[in-house]
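S.K.: The following comprises the amino acid sequence and a computationally predicted model.
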Amino acid sequence: MSQHLLVTGGAGFIGANFISYILRYTDYHVTNVDVLSYAGDIGNISDFQHSSNYRFIKSDITKSYELLAAFDKKYDAIINFAAESHVDRSIHNAVPFIYSNINGTFNLLQMVLKGKAKKMIQISTDEVYGSLSSNDLPFTEETPLAPNNPYSASKASADLLVRSYYQTHQLPLIITRCSNNYGPLQHTEKFIPKIITNALNNKEIPLYGDGLNIRDWIYVEDHCRAIHLVLEKGVAGQIYNIGGAEEKTNRDVIYEILKQLGRDKSLIKYVEDRKGHDRRYAIDSSKITKELGWKPRIPFNKGIQHTIEWFKQRQNGAR
Ligand code: NAD
């Protein structure tokens, strides 16, 4: 039978890609709850806004009274993407991160506790594990939480609340922790969109520190497919790490984009490193591979080609 999902933060980058994925591949109904912060773009939902299986409710998950409007029915699952998501902003002002990422998650857990949804998937991040040095093994689900900036601390706090509601109330709750995403619809303040848009406009590309910080990049559709699988087959109380198996230095990411765009490396400008930025993230996805049969399918050189193409089209007025 067709399920009805409540997706929060579905006007943001990953949430909008996820709704698009679900409407394409299933007959599920989706209610999208988003406050439309600076990061939520109504353009992100334009492709599916008229779908008969979709509705949008502008609401803030930090305000429990506002949320009630969205809970006019019982949902099969809540998938919580809504969050403040930019590390640099959390260093400048952590307040909205505490409200949206912690209090917002708490309000949704209360809804599950009240029986308003049968389960919830908390979309978390590998950043809760902190930083690795070059010889360390990748993060597993057992790696201790060691967040290093207010963004990752707020996400880790939310994860602990989810864990506590599972342990205390035996609610069907699952956490996913994914590595760095890239792809269409991402906000231009983020690393890869900024490189692409600056390169397209022949503007300087800032490269922080020595450029050797490492991230494990995953194409957003691979992440969406993993969440769908977790929704269908994930086990309550479990955490699933999701990674792209594409560890790259920031410098190599910039080189690849410049190469694909036929632009010169002279656009790169080395600038002072930022506070609170971790050296290396790498994620061990063997649990989700073994237990749910998921693996990333889109290699970086292909995913980045699609992403560049999407930003080019958007710059030319088409989305
Ligand atoms: P995003 O910033 O692009 O989108 C966040 C969305 O949440 C926006 O539409 C915003 O309007 C909405 N939102 C924020 N606060 C809200 C509130 N109080 N009430 C309702 N809506 C609210 O973020 P993203 O990159 O799409 O990330 C989505 C989720 O995935 C986040 O929870 C993030 O921590 C997690 N995540 C992101 C990445 C990544 O690389 N982008 C990696 C792993 C996990």
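M.R.: Here it is on my side, so go on.
S.K.: Was I right to think Ile78 contacts Leu108?
M.R.: Yes: using C-beta atoms under 8 Å, Ile78 is in contact with Leu108, at 5.6 Å. For glycine as for every other residue, the C-beta is placed from the backbone atoms N, C-alpha and C.
S.K.: higher neighbour count, the two?
M.R.: Leu108 (30 against 26; other C-beta atoms under 10 Å).
S.K.: what residues are up against the more buried one?
M.R.: Leu108 is in contact with 8, 61, 67, 78, 80, 120, counting by C-beta atoms under 8 Å, 6 or more residues apart in numbering.
S.K.: can you list these in JSON lines and add distance to Asp210, secondary structure and pLDDT?
M.R.: What follows is these, written out as JSON lines (distance: C-beta to C-beta, whole Å; DSSP: H, G, I helix; E, B strand; the rest coil; pLDDT from 0 to 100):
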{"residue": "Thr8", "distance to Asp210": "37", "secondary structure": "strand", "pLDDT": "98"}
{"residue": "Ile61", "distance to Asp210": "39", "secondary structure": "coil", "pLDDT": "98"}
{"residue": "Leu67", "distance to Asp210": "45", "secondary structure": "helix", "pLDDT": "94"}
{"residue": "Ile78", "distance to Asp210": "41", "secondary structure": "strand", "pLDDT": "98"}
{"residue": "Asn80", "distance to Asp210": "36", "secondary structure": "strand", "pLDDT": "98"}
{"residue": "Met120", "distance to Asp210": "40", "secondary structure": "strand", "pLDDT": "98"}
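S.K.: Neighbour-wise, which one of those leads?
M.R.: Neighbour-wise, these (other C-beta under 10 Å) top out at Thr8, 29 neighbours.
S.K.: any idea how far the nearest residue to it once chain neighbours are set aside is from the ligand?
M.R.: Leaving aside its chain neighbours, Thr8 sits nearest to Ala82 (3.7 Å; criterion: C-beta to C-beta, 6 or more residues apart in numbering). Going from Ala82 to the ligand by C-beta to the nearest ligand atom, to the nearest Å gives 4 Å.
S.K.: ok, whichever residue of the chain sits closest to the ligand - contacts?
M.R.: When scored by C-beta to the nearest ligand atom, the chain has Gly12 as its residue closest to the ligand, at 1.9 Å. Taking C-beta under 8 Å, 6+ apart, we find Gly12 in contact with 34, 39-41, 44, 81-82, 85, 187.
S.K.: State the distance from it to Ser20.
M.R.: Using C-beta to C-beta, to the nearest Å, one gets 12 Å for the distance from Gly12 to Ser20.
S.K.: Same question for Leu200.
M.R.: In terms of C-beta to C-beta, Leu200 sits 24 Å off from Ser20.
S.K.: All set, thanks.
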